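> Coordinates for the following, if possible.
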Amino acid sequence: MPANLDSLPPEVIHMVASYLSFDDVASLRSVNHNIGTKATRGCFNKFFLRNKTIVLNRECLQQFISMTSTPTFALYLQNCTIVGVLHRNRDQRRAQPAKDEAHEVQQLLTQAFLNIRRFSQAAGISSLRITVAPGEIGPNQQDVYHSWRGAWYGAGRTFLITMAALHESRLPVTDTLDVFHSVVGCSLSTPVFSSLVREFSAGDLFTSLKSLKISLSAPPNLSWELSSAPGHDVSPFPRTGYQTQAWYSDNALRSVLRFLSSMPALKDLDVHWYDMGQNTSASVFRTEDPQASHDEVNPDPTTSLVLPEAASPHPLNKLALRGIFVSESGLLEFIRRFSPTELILGNVHLVSGTFRSTFTYMTAEDSPVEDYDLDDLYEGKKSDWWQLIHFEGVGCGWMKFDYAMAEELGPSYMTRRGVFKPYEIIYRKEDKLDVGSDLYREWARKRRAEFGPVASSRYDFVEANKPKDPW
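Numbers count the residues shown, from 1 in each chain. Down below sits the predicted model:
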C-alpha cells in the first residue's frame, strides 16, 4: 500500500503542523477532511481557543455565551480581551448607553464568565486585558476618532462592567491583568478606579495574579458633568497646574496599594500616568473615603506621599513607574515599599526635591535594586519649563536630540545591569531645549502621544493606536 498523508498517525501530523504558520496550516487543512481534522486540532486550540477578544455589545456577548456553554471552548480559553465600544463625536451624548443597557451587558458578560469558571481546567483564566475601540468604523467612514471625552467615558464604563462581571462570577485571573495599559491615548480616571477599590471585594479573584499593568489619569472635563452634583469636590489646585496632576497621581498610587492587598503573589507592577492638561476636570469626584482619617489624606502632594497602613506589599521582581507626578519623598517611599529587583522610571516629574535620595537608594550596596532603566526624568520647573535631567558615565544611552547652546550635556537615558548598578548616578539639568530641531519635535510628539497632554483639536484615538513602522 503506497504511503500517504492519511496513513500517518494523528500525533505525527499534529507535530508537523505545529511548525507551520497559520496560512500553511489553512492550506494543509484543504487537502481533505481527515487531514484537516488532524492538522488543525492543535492549531485551533492555539490560535482560536486560547485567545478570545470580546466586544461589549449584545450580539458579541451572546455569541460568547454560546461558545462558552460547552467544555470544548471554555476548556482551552486562557487569554481574554474585553473591548468597550466608543461612539462617534457628534452623537456622543445621545449615544451613551442607558443604565439598563449597561446592566444587560454586564449580566451577559457575567454569564460567560460563569461558563468559563464551570468548564475550564483551572476554573479561571490566565490573563485579562481591558481596552476600548471605536465601534462605528466602516468602509464609508473616515478611520478617525477625535472624541477624547468619549474615550475616557468608554474606558470608565468598560472597567466597571468588567470588574462587576468578575465579582459576580468569581472568575479568577491567575497571571496578568492589563487595565488600558496596552492602548495609547486613553486611561482610566483615578476617581473611577479609587471608588471601585474602596467598594470592591476581590476575595480570591487575584490571589495568584503575577502581573498588574494599569494606566490612570486625572478625571476628564466631560461636557455633560454637573459640577454641583453630590460626590463632587473642587480641586484645591488650578485645573491646568502640575499640582493637580500630582494630587491625582498621589491618590492613584495610594489606590494602587489598596488594590494590591488582594494580590499576594504579584511579581510585576507597571503604573502609567496620562497627563490630561487643560482637559482635566475643574469639578471632580472625591477620591478618598469621607470617613477616612485626616492623616490618611495628603492635601499637598509636593511634600510627601501618604501611604495606607493597611497595605503590606511584598518585594517585586519588577516595578515600573511612567509619567507620574510625585515628590522626592513620595517616590522614594513608594519604591521602598516594594523593594524591586528591577526598577524602571520613565517620564517621571518630580514636583519637589531632587532625585538624589532615590538614586542613592538604588546604588547602595545593600539595595535590592539590581537593574534599572531611567528615561526622560524631570526635576522641578524653571519658569514654564520642566528641567530634563541628563546623565553622565557608565550606562548612558543615546542623545535623542541636540542642544543649540549646551553641547556638553549627556543623554537623558541610562540603563545599568548587575555589576554596574553601584556606580554613582551623575546628572545635570537643562530647561532650555532646542525646540527648533526636527529631532526635538519628533521626540516631543512621541512623548505627548504616550503621556499627554494632547490638544483636543489634535486628538485621534485611531491614529495613535495604529501599528508603527519600527524604522
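> Just the CA coordinates for the longest strand that the chain contains, please, in PDB.
Scanning the chain for the strand with the most residues, using DSSP state E, yields strand 125-134. Taking C-alpha atoms only, strand 125-134 is exported to PDB below (Å, rounded to 0.1, in the frame of the first residue of the first chain):
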ATOM      1  CA  ILE A 125      -8.300  32.500  33.000                       C
ATOM      2  CA  SER A 126      -4.600  33.300  32.700                       C
ATOM      3  CA  SER A 127      -4.800  36.900  31.500                       C
ATOM      4  CA  LEU A 128      -7.400  39.600  31.200                       C
ATOM      5  CA  ARG A 129      -6.900  42.700  29.100                       C
ATOM      6  CA  ILE A 130      -9.400  45.600  29.300                       C
ATOM      7  CA  THR A 131      -9.300  48.100  26.500                       C
ATOM      8  CA  VAL A 132     -11.600  50.200  24.200                       C
ATOM      9  CA  ALA A 133     -12.000  50.800  20.500                       C
ATOM     10  CA  PRO A 134     -14.300  52.800  18.200                       C
END
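> Give the buried residues for that strand.
By 16 or more other C-beta atoms under 10 Å, the buried positions in strand 125-134 come out as 125-134. For glycine as for every other residue, the C-beta is placed from the backbone atoms N, C-alpha and C.
> farthest pair in those residues?
Using C-beta to C-beta, these reach their maximum pairwise distance at 126 and 134, which is 27.7 Å.
> what sits against the nearest residue to residue 379 once chain neighbours are set aside?
Leaving out its chain neighbours, the residue that sits closest to residue 379 by C-beta to C-beta, 6 or more residues apart in numbering is residue 350, at 4.9 Å. Applying C-beta atoms under 8 Å, 6 or more residues apart in numbering to residue 350 gives the contacts 326-328, 331, 377-380.
> can you pull out the helices in this structure?
In the chain, the helices defined using DSSP state H lie at 10-17, 22-29, 33-44, 58-68, 71-74, 92-95, 99-119, 148-169, 190-199, 242-260, 328-338, 356-363, 438-451, 461-464.
> Adding mean pLDDT, distance to residue 271 and mean neighbour count, write these out as JSON lines.
Converted to JSON lines, the helices of the chain look like this (pLDDT from 0 to 100; distance: least, C-beta to C-beta, whole Å; neighbours: other C-beta atoms under 10 Å):
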{"stretch": "helix 10-17", "mean pLDDT": "72", "distance to residue 271": "41", "mean neighbour count": "15"}
{"stretch": "helix 22-29", "mean pLDDT": "68", "distance to residue 271": "35", "mean neighbour count": "14"}
{"stretch": "helix 33-44", "mean pLDDT": "65", "distance to residue 271": "37", "mean neighbour count": "16"}
{"stretch": "helix 58-68", "mean pLDDT": "91", "distance to residue 271": "30", "mean neighbour count": "16"}
{"stretch": "helix 71-74", "mean pLDDT": "74", "distance to residue 271": "32", "mean neighbour count": "16"}
{"stretch": "helix 92-95", "mean pLDDT": "45", "distance to residue 271": "29", "mean neighbour count": "13"}
{"stretch": "helix 99-119", "mean pLDDT": "89", "distance to residue 271": "26", "mean neighbour count": "18"}
{"stretch": "helix 148-169", "mean pLDDT": "93", "distance to residue 271": "15", "mean neighbour count": "22"}
{"stretch": "helix 190-199", "mean pLDDT": "92", "distance to residue 271": "11", "mean neighbour count": "20"}
{"stretch": "helix 242-260", "mean pLDDT": "90", "distance to residue 271": "6", "mean neighbour count": "24"}
{"stretch": "helix 328-338", "mean pLDDT": "94", "distance to residue 271": "9", "mean neighbour count": "21"}
{"stretch": "helix 356-363", "mean pLDDT": "95", "distance to residue 271": "16", "mean neighbour count": "18"}
{"stretch": "helix 438-451", "mean pLDDT": "87", "distance to residue 271": "12", "mean neighbour count": "14"}
{"stretch": "helix 461-464", "mean pLDDT": "84", "distance to residue 271": "20", "mean neighbour count": "18"}
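> Residue 128 versus the residue lying closest to residue 166 once chain neighbours are set aside, what's the distance?
Excluding its sequence neighbours, the residue lying closest to residue 166 (C-beta to C-beta, 6+ apart) is residue 205, at 5.8 Å. Residue 205 sits 10 Å away from residue 128, going by C-beta to C-beta, to the nearest Å.
> Need the overlap of contacts for those two.
Counting by C-beta under 8 Å, 6+ apart, the shared contacts of residue 205 and residue 128 are 166, 173.
> hang on, residue 130 packs against residue 181?
No: under the criterion of C-beta atoms under 8 Å, residue 130 is not in contact with residue 181, lying 9.1 Å apart.
> Which residue, neighbours along the chain excluded, lies closest to the most centrally placed residue in the chain?
The centroid of the chain falls nearest to residue 181 when counting by C-alpha atoms, centre = their mean (1.8 Å). Sequence neighbours aside, residue 213 is the residue nearest to residue 181 in space, at 3.7 Å (criterion: C-beta to C-beta, 6+ apart).
> tell me the contacts of residue 266?
209-212, 260, 313-314, 316.
> so residue 111 touches residue 62, yeah?
No: using C-beta under 8 Å, residue 111 makes no contact with residue 62, being 9.5 Å away.
> OK, contacts around residue 451?
Shown in contact with residue 451 (C-beta under 8 Å, 6+ apart): 272-275, 322-323, 347.
> Looking at those, which is nearest residue 463?
Lowest distance from residue 463 to the contacts of residue 451 (C-beta to C-beta) belongs to residue 274, with 16.5 Å.
> Give me the pLDDT for the closest one.
At residue 274, the model reports a pLDDT of 96.
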